[in-house]
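Q: any chance you can model this:
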Amino acid sequence: MTQRETILITDAVDEQCIGIFTEHGFTVQNRPGASPAETAELIGGADALIVRSQTKVTASLLERAARLKIIGRAGAGVDNIDVAAATRKGVIVMNTPGGNTIATAEHTLAMILALARNIPPAHQSLQEGRWARSQFTGTELHGKTLGVVGLGRVGMEVAKRCQGFGMTVIAFDPVQLPERVAKLQIRLVAFDELLRLSDFITIHAPLMDETRGLISREALARCRKGVRIINCARGGIVDEQALLEALTSGRVAGAALDVFEQEPPGNTALIRHPGVVVTPHLGASTVEAQEQVAIQIAKQIVDFFDGRSVTGSVNADPVRIAMRKELQPYIRLAESLGRCIGQMKQGALTGVRIGVRNGDLTDALPAIGAAVLKGLFDPVMSEPLNFLNAPLVARERGMAVEMYQAGGDEQHPHHIETEYRTAEEQHQLGGTVFGPQDIRITSVDRFHLEIKPEGYLLMYSNRDEPGMLAAVSRILADAAVNIAGLSLGRYGPGTTALTIISLDQPPPETALAGIAAIPGVSHLRLIHL
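A: As a prediction, this is how the structure comes out:
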């Protein structure tokens, strides 16, 4: 039995996750709570890494990951993973965004209610032997306005539950469509309007450059006096020092925080403030949610290694598309075209254009383009290259890459075309898919021909006159090189022609020199596919 990939797990996950991998024959290294040094020692032998929120997947850690192909986050947030560094290395990052949706939404509701009704301080007071009812008068949710920042899965579930309490729900989300949320009786508003109108503001956005410090000193100053802030999303979205100042001044009546800029939190004055309810990042901490995300990430990784699909990826759309069965011949053709370009070009590439003539392939253009670039760079790169990082390599080299939908072609409706530029030349290369196992190169510089992109291809221009092919064939025969296929293209009788000969083995250098010396032969290239 072929030994399967090694899965490294460095945070605690439900045992069902390990069971799924074991059932499918994977080797599992389960090291929950591994230190950074231990993780760095183990990562070199791992094909996949599974983490929750504790392990920090840094660029320096990824440098030691010689075999790593995928990082699985058993949960939604990936801010503990350097996604850019992973992408550069060609490592897929996937999460399980739906697995803890209900748990996080319910925890948010618990925080809102605890904050509105002063439950934590009242509980503590009674435990200390005091009966101080008048100190803990709360506020009702009914009739209040809830502002939701980020109307994704969790935000939507929170909104629905708060509507059940009789709250009016408004939301700020730059990617949601107003007509879609209007059907749910939610009104999309600008961020400033949300701050101005909300009695409660709950945050359900990812942590990124655009959201870091979103709830700032300036934002809090624009809020309705007495607003209550709830954050069960990601630390860093709320400026904690600004929030403490707003609580102290009375601008903010209370805050409920499950996440912090630093975990464990460093701002002890904030977490000890009497108007603050805090929990230690418990949003996804239910038995059901932990089971769900553990099972989900295991199944996603098994599907990836079994070649079925890429689900939950945050950085690998081209990979996900490329794995679709119906696209496999187009991906093979695109990669072959890229390999041809890499061996045909003279000088450094400055730009590549990649187009498709089948309208059904438009959505697949990112994957087809990535396949062309992978084929182009693969033979000359020492580091691992795949559909994920090939476009990054092109950008880093200053290469302009354009992808487009070309016009229809009745003769070749399933056509992929490429054009490349260097400082010295500009050439075109195209191919067609005739069937799942039948791909062909069908054009070079507008010469129409047809040949399978496999093995060794001898390509050259020549004068279109009798005896040219015979002279080349004679040299190949003398060198004991067998011809497997042949395709000729020309503009018209007596003009320049293009010849591509498919060979079973590479000709010796003496044979190539002899062919190049034939009068009328030029631009000789040997391509290995």
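Q: contacting residues around the residue minimising distance to the centre of the chain?
A: Nearest to the mean C-alpha position of the chain, by CA atoms, centre = their mean, lies Asn315 at 1.1 Å. Applying CB atoms under 8 Å, 6 or more residues apart in numbering, we find Asn315 in contact with Val83, Ala86, Thr87, Ile92, Val93, Leu388. Using the backbone N, CA and C atoms, a C-beta is placed for each residue, glycine as well.
Q: if any of those are buried, give me the PyMOL selection for them.
A: In PyMOL, this line selects whichever of the contacts of Asn315 come out buried by 16 or more other CB atoms under 10 Å:
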select buried, resi 86+87+92+93+388
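Q: just say helix, strand or coil for the residue nearest to the centre of the chain.
A: Following DSSP: H, G, I helix; E, B strand; the rest coil, we place Asn315 in the coil state.
Q: let me know the pLDDT of it.
A: Note on Asn315: pLDDT of 81.
Q: repeat for Pro413
A: In this model, Pro413 carries a pLDDT of 64.
Q: can you check Val227 too?
A: Looking at Val227, its pLDDT reads 97.
Q: thought it was touching Arg196?
A: No - if you go by CB atoms under 8 Å, Val227 and Arg196 don't touch, sitting 9.7 Å apart.
Q: which one of these two has more residues nearby?
A: Val227 (22 against 14; other CB atoms under 10 Å).
Q: and the longest strand seen in the chain, what's buried?
A: Criterion DSSP state E: the longest strand present in the chain is strand 426-435. Within strand 426-435, the residues that count as buried by 16+ other CB under 10 Å are His427, Leu429, Gly430, Gly431, Thr432, Val433.
Q: give the rounded mean pLDDT of it.
A: Mean predicted confidence for strand 426-435 is 91.
Q: run the chain-centre distance for that strand.
A: Centroid separation for strand 426-435 versus its chain: 28 Å, with CA atoms, centre = their mean, to the nearest Å.
Q: other residues contacting it?
A: 329-330, 333, 336-337, 340-341, 344-345, 412, 414-420, 439-446, 453.
Q: mind listing the strands that strand pairs with, and their directions?
A: strand 415-422 (antiparallel), strand 438-444 (antiparallel) (DSSP bridges).
Q: what residues does the last one touch?
A: Right, the one you point to is strand 438-444. Strand 438-444 has contacts (CB under 8 Å, 6+ apart) with 329, 332-333, 336-337, 340, 412, 415, 417, 427-434, 448-453, 459, 489, 498, 500.
Q: repeat that with 6 Å
A: Residues outside strand 438-444 that contact it (CB atoms under 6 Å, 6 or more residues apart in numbering) are 329, 332-333, 412, 429-433, 450-453, 498.
Q: what about that strand, distance to the chain center?
A: On CA atoms, centre = their mean, the centre of strand 438-444 falls 31 Å from that of its chain.
Q: what's the average pLDDT for that strand?
A: Per-residue scores along strand 438-444 average to 92.
Q: buried residues in it?
A: So, applying 16+ other CB under 10 Å, buried residues of strand 438-444: Ile439, Arg440, Ile441, Thr442, Ser443, Val444.
Q: with the longest one instead?
A: If you call a residue buried by 16+ other CB under 10 Å, then strand 415-422 has these buried ones: His415, Ile416, Glu417, Thr418, Glu419, Tyr420, Arg421.
Q: again with stretch 220-233
A: Buried residues in stretch 220-233, counted by 16+ other CB under 10 Å: Leu220, Cys223, Arg224, Val227, Arg228, Ile229, Ile230, Asn231, Cys232, Ala233.
Q: nearest to Ile71, of the contacts of strand 438-444?
A: Among the contacts of strand 438-444, Arg332 lies closest to Ile71 (CB to CB), at 27.2 Å.
Q: the closest one: which element?
A: Counting by DSSP states H and E, the element that carries Arg332 is helix 328-344.
Q: now swap in Leu49 and tell me
A: strand 48-51.
Q: helices or strands up against that strand?
A: Counting by 3 or more CB pairs under 6 Å, 6 or more residues apart in numbering; DSSP states H and E, the packing neighbours recorded for strand 48-51 are strand 6-9, strand 70-73.
Q: swap in 8 Å and give it another go.
A: Secondary-structure packing of strand 48-51 (3 or more CB pairs under 8 Å, 6 or more residues apart in numbering; DSSP states H and E): strand 6-9, strand 70-73, helix 287-305.
Q: of all those, which one is nearest Ser53?
A: Going by CB to CB, the one of these nearest Ser53 is strand 70-73, 8.3 Å.
Q: averaged pLDDT, the next helix-or-strand element following the closest one. What do you get?
A: Counting by DSSP H and E, the next helix or strand C-terminal to strand 70-73 is helix 83-88. Average pLDDT, helix 83-88: 87.
Q: how far off centre is helix 83-88?
A: Relative to its chain's centre, helix 83-88 lies at 9 Å (CA atoms, centre = their mean).
Q: swap in stretch 358-373?
A: 16 Å.
Q: what lies in contact with that stretch?
A: By CB under 8 Å, 6+ apart, the list of residues contacting stretch 358-373 reads 317-319, 321-322, 324, 327, 330-332, 334-335, 337-338, 341, 352, 354, 356, 387-388, 390-391, 393-394, 401, 403-405, 408, 413-416, 418.
Q: from these, list the buried ones, please.
A: 318-319, 321-322, 327, 330-332, 334-335, 337-338, 341, 352, 354, 356, 387-388, 390-391, 393-394, 401, 403, 414-416, 418.
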